[in-house]
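>>> build me a structure from this.
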Amino acid sequence: MSSSQASPSSSFAFSDLDDGIGLSSPATAQHRRALLDLINCLRNTGIQKDIDLPMIAVIGSQSAGKSSLIESISGITLPRSSGTCTRLTHADAPWTCAVNLHFISDDGGKPRIVPFGDIITAKPDVEERIRRAQRAILNPSKDTKRFLEGADPAHNEISFSKSYISLEISGPDVADLSFVDLPGLIASVGQGGNVEDIILVRDLVMSYIEKPSCLILLTVACETDFENQGAHHLAKRFDPEGKRTVGVLTKPDRIPWGEEASWVRLIRNEREPLVNNWFCVKQPSSHTLSLGIKWGEARHQEEEFFNRTQPWRSLDPLHKAFLGTGNLTERLSLILAELIAKRLPEIQAELYNTIQQTERELSQLPQGPSDNPVGEMLRALDDFKKEFLERVEGTPEEDGILQCVRPHAATFRRQIRATAPNFVPWEFGVANRYTLPAFTFLSNEEECDIEDGDGPISDHFGVQQSSPKRTGTSCSTDEASPEGFPEIFSAVKTSVSQANSRDRTDCEVAPVAPSGMASIWATVSAGTLGPLPLDSAPSTRVGTSPSRPRDIIHVDEVMRRAEISRTRELPGHYPFVVQKAYITEFVKKWREPAITLFDAVNEITRKDVEKLVHKHFGRMGRGSAKQSILMIMFDHLDAAAVRSKDKIEWLLQLESSPATVNTHYYLNYKSKFLIFYKGFRHKDGSTPKVWSRSQKGVKEAIMALSQLDIHIKPEDFSKLLPSDPMEPALNIMASVRAYFQIAYKRFVDEIPNAIDYEAVRGLGRGLDQALRDGLQLMDADAYERCASMLQEPPLIARRRQELNRRLERLKGARVDLMCVSV
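Numbering: from 1, shown residues only. I've put the predicted structure just below:
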């Protein structure tokens, strides 16, 4: 029997007990009998594997008189090396003996108890029954009935076994005891013996006596030197203080001449003292037993021996109480009852805690196979689909799909905005003398880039994101300007104030030069803007940036392209192909950011699917269910990816043909861009004309014109400037730039929405059918297929079986504790 859970060791001293307690006290005997019955009942459930139950284990070396002692206590003759568990119960009914086989399984299940024959009523029949039972124990693969009928194989399957034979003996002359007769410790093996049996027997003995609630009945033969008897050293190893060991000296009639004193010192507890003392018994010899002596007569002869033989007859009455089998039996019965009574509350608490622990361990295992594997798989799929659909719809967690996609959507928007054509209203030869400020008239309707501004980014997955603040932004708004269009004077002034900042802003326009801007003003009088001094600090070429250079398109390049494109147009007219060419150029740049956004969303979704599949199916079966569902989901994602890319390509093709029905917005943008470009247009190096309401004469002119029912703004004065040979190019620049504003805003909505529709939210469409078809849940072999996927790994199945068996025997023991009253 394997070792069980240990509990704190106890001392079972009985020196303070009344001498009158024993079989002569009916009330006490009845109580002890109830306690013993309870422990025997618990042991039948097999919980000794989990809880330390009180017991007596008889140990000793071979030929130490162990079996003779047990025969004397039980009143029956045993075959040597019996390996029995004997339970004695005092009763007024006739003497009976029941023999049972207890097969201990290696998987930790409840012991299989097999009754071995009918109840024996004649003591002489016990020995042969036990001998046959031994054969059944040592040949576990064969039917026990064969051995009951007398089968005697030439060779046993095993030499020793953890399984055991139990004898349940009751009768009027039987003490209330329960003990295990363990095989004698082997010192050496003879010819034909197995050396491994020495270790096997020793390990078997240790598995019993290592338990703190095991009372060790140590038999020592007086005919052999005390120090040479291995059982004594083994008992001392596990009970060094001698609190739970009862020593028994056997064969006192064979003490070598002159060595009596050393053995008497043990009885007096002067040598190798034990809390429960040493006893001495004398059993009939083999010759006497062969003559058919009765056990009552044997007890009488034992008493006569100690009364007439030195040095025993000279002992004082106190130590004479430790002589004889009767005194030993009475004390053992008393000690065992006391131990059981003391351990009972602890057993109840340990039983409860062990049940709780076992149930916790079971709950931590993956869900076991179901009797309805198809139903179980459908239930798991429903749970998976429910959570998956919640995640693609949007969840508030930090690691939600939409939360992970959001920064990629913001990046996509910045990348598309960065493709705006970088027109400058100056010729190539003089452009490096001037700096174009920000399009501040756009700041009311658009936020700045995440890295450059401080406005919210509204992505296309239903979330607004605040952008971190950075210095150096020129995306300011002049709320006093009419219709949100600030004076160019204010815009340039803002640019000057930002000139020494580390970073430029990229709010739809080329940057202000990062250096040499302190002297941009020659004069700030009469609303005039002076040219940038050529001898100032090294300037940055118009439209370039130290951090993100952009291609510059000069006004003369636009004009030259327009002239080349003319065919049969009337003078002053230029074909639309010029605008279309510029539009096509920036639309071509949109494909890469769109595909990059899709790839990011697809990767995020795949990883989320992997995590979710592992959560719902990672502990199911041997992993085939998880793998199958993961493959089905990846196929489903791949199909959605194809649809998403098709839509992206379709949208790109759509944008390659410029068109808009937002006429009002287009014309409004074109007008603003045209005014902006013309306002900063230099002619022959002269100062451009820029007006503001605060300038002298501007206010009077506006009021005078209003009296003629002509209503204009300060910036409209630029329209009164003389004609410019670059006027057609400025119109083309304003037209292309206005269309970009409309097209890019449309595109940065359409692409994320298309990806979301197909590759995120769209994953819910057809998901149920894809899973059912992929797993073939509607096929005839669906039951076998699901059962195979739900089959547990061997280690988990074995562990579940062990825990279930432990829980079964623990709950059975709990029922016994509730039903038996002591």
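>>> and the pLDDT for the residue with the largest distance to the centre of the chain?
Here the chain reaches farthest from its C-alpha mean at Leu708, the gap being 82.3 Å by Cα atoms, centre = their mean. Model confidence at Leu708, given as pLDDT, is 85.
>>> repeat for Asn228
For Asn228, the predicted pLDDT is 80.
>>> distance of it from Val220?
Distance of Asn228 to Val220, given as Cβ to Cβ, to the nearest Å: 10 Å. (Glycine included, C-beta is placed from N, CA and C.)
>>> which of these two has more neighbours?
Val220 (25 against 10; other Cβ atoms under 10 Å).
>>> paired strands for the helix or strand where the more buried one lies, with orientation please.
Here Val220 sits within strand 214-221, counting by DSSP states H and E. Taking DSSP bridges as the criterion, strand 214-221 sits next to strand 55-60 (parallel), strand 245-250 (parallel) in its sheet.
>>> just the CA coordinates for the last one, please, in PDB.
Written as PDB, here are the backbone C-alpha positions of strand 245-250 (Å, rounded to 0.1, in the frame of the first residue of the first chain):
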ATOM      1  CA  THR A 245       6.600   2.200  19.100                       C
ATOM      2  CA  VAL A 246       5.600  -0.700  21.300                       C
ATOM      3  CA  GLY A 247       8.500  -3.200  21.700                       C
ATOM      4  CA  VAL A 248       7.900  -6.900  22.000                       C
ATOM      5  CA  LEU A 249      10.500  -9.400  23.100                       C
ATOM      6  CA  THR A 250       9.900 -12.900  21.800                       C
END
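>>> which helix or strand lies directly C-terminal to it?
helix 260-267.
>>> how far off strand 245-250 does that next one point, in degrees?
Using axes from the mean of the first three to the mean of the last three Cα atoms, to 10 degrees, the inter-axis angle of helix 260-267 relative to strand 245-250 is 150 degrees.
>>> list the buried residues in helix 260-267.
260, 263-264, 266-267 (16 or more other Cβ atoms under 10 Å).
>>> nearest to Thr567, of these?
Nearest to Thr567 out of those is Leu266 (Cβ to Cβ; 130.5 Å).
>>> quick one, what contacts the closest residue to the closest one other than its chain neighbours?
Distances taken as Cβ to Cβ, 6 or more residues apart in numbering place Trp278 nearest to Leu266, at 4.5 Å, with adjacent residues excluded. Residues counted as contacts of Trp278 (Cβ atoms under 8 Å, 6 or more residues apart in numbering) are 246-249, 266-267, 269, 272, 322.
>>> what do you get for Leu630?
609-610, 613.
>>> flag the shaky bits of the protein, pLDDT-wise.
For the chain, applying pLDDT under 70 flags the ranges 1-29, 79-92, 105-111, 173-177, 188-194, 445-550, 682-696, 715, 718-722, 819-822.
>>> can you name every helix or strand that the next helix or strand after the strand holding Val220 contacts?
Proceeding N to C from strand 214-221, the next assigned helix or strand is helix 230-238, under DSSP H and E. Counting contacts by 3 or more Cβ pairs under 8 Å, 6 or more residues apart in numbering; DSSP states H and E, helix 230-238 is packed against strand 55-60, helix 196-209, strand 214-221.
>>> alpha carbons of helix 230-238, in CSV - could you do that?
Provided in CSV are the C-alpha atoms of helix 230-238 (Å, rounded to 0.1, in the frame of the first residue of the first chain):
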residue,chain,number,x,y,z
GLY,A,230,17.2,-4.5,11.3
ALA,A,231,13.6,-3.9,12.3
HIS,A,232,14.7,-2.0,15.4
HIS,A,233,16.9,0.4,13.4
LEU,A,234,14.0,1.0,10.9
ALA,A,235,11.5,1.8,13.7
LYS,A,236,14.0,4.2,15.3
ARG,A,237,14.5,5.9,12.0
PHE,A,238,10.9,6.9,11.7
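>>> looks like Val58 contacts Ile70 (just checking).
Yes: under the criterion of Cβ atoms under 8 Å, Val58 makes contact with Ile70 at 6.2 Å.
>>> and for Asp556, the neighbour number?
Neighbourhood size, Asp556 [other Cβ under 10 Å]: 17.
>>> and it, what element?
Asp556 belongs to helix 555-565, assigned by DSSP H and E.
>>> mind listing what's buried in the helix ranked longest in the chain?
Looking across the chain with DSSP state H, the single longest helix is helix 325-364. Within helix 325-364, the residues scored as buried using 16+ other Cβ under 10 Å are 325-340, 343-344, 347, 350-351, 354-355, 358.
>>> Ile632: what's it in contact with?
Going by Cβ under 8 Å, 6+ apart, Ile632 touches 770-771, 774-775.
>>> mark which of those residues are buried, thanks.
770-771, 775.
>>> sorry, back to before: just the buried residues of helix 260-267 now: which is nearest Ala594?
Leu266 (96.9 Å).
>>> list the contacts of that closest one.
226, 247, 249, 272, 278.
>>> so what's the closest residue in space to the first one that isn't next to it in sequence bridging to?
It refers to Phe226. Of all residues not flanking Phe226 in the chain, Val220 sits nearest, at 6.4 Å (Cβ to Cβ, 6+ apart). Here Val220 shows beta-bridge partners Leu249, assigned using DSSP bridges.
>>> now do Val220 against Phe179, distance only.
17 Å.
>>> how about the helices in the stretch 501-650 of the chain?
555-565, 577-588, 591-617, 624-655 (DSSP state H, counting those that start in this stretch).
>>> correct me, but Tyr574 touches Ile564?
No: counting by Cβ under 8 Å, Tyr574 does not reach Ile564; the two are 10.1 Å apart.
>>> my guess is Val760 is in a strand, correct?
No: counting by DSSP: H, G, I helix; E, B strand; the rest coil, one finds Val760 to be helix, located in no strand.
>>> residue contacts, it?
By Cβ under 8 Å, 6+ apart, the residues touching Val760 are 392, 401-402, 405, 461, 601, 605.
>>> in those residues, find the pair that's most separated.
Farthest pair in the contacts of Val760, by Cβ to Cβ: Phe461 and Thr605, 12.1 Å.
>>> let me know whether Asp152 touches Ala136 as I believe.
No: at 11.2 Å, Asp152 does not count as touching Ala136 under the criterion of Cβ under 8 Å.
>>> who has more neighbours, the two?
Between Asp152 and Ala136, counting by other Cβ under 10 Å, Ala136 is the more crowded of the two (22 against 9).
>>> before we move on, the earlier item: alpha carbons of the strand holding Val220, as PDB, please.
What follows is strand 214-221, C-alpha atoms only, in PDB (Å, rounded to 0.1, in the frame of the first residue of the first chain):
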ATOM      1  CA  CYS A 214       0.900   4.200  12.600                       C
ATOM      2  CA  LEU A 215       1.600   2.400  15.900                       C
ATOM      3  CA  ILE A 216       4.700   0.300  15.400                       C
ATOM      4  CA  LEU A 217       4.600  -3.100  17.000                       C
ATOM      5  CA  LEU A 218       8.300  -4.000  16.900                       C
ATOM      6  CA  THR A 219       9.100  -7.700  17.500                       C
ATOM      7  CA  VAL A 220      12.600  -8.500  18.600                       C
ATOM      8  CA  ALA A 221      13.800 -12.200  19.200                       C
END
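>>> can you give me the offset of it from its chain's centre?
Offset of strand 214-221 from its chain centre (Cα atoms, centre = their mean, to the nearest Å): 49 Å.
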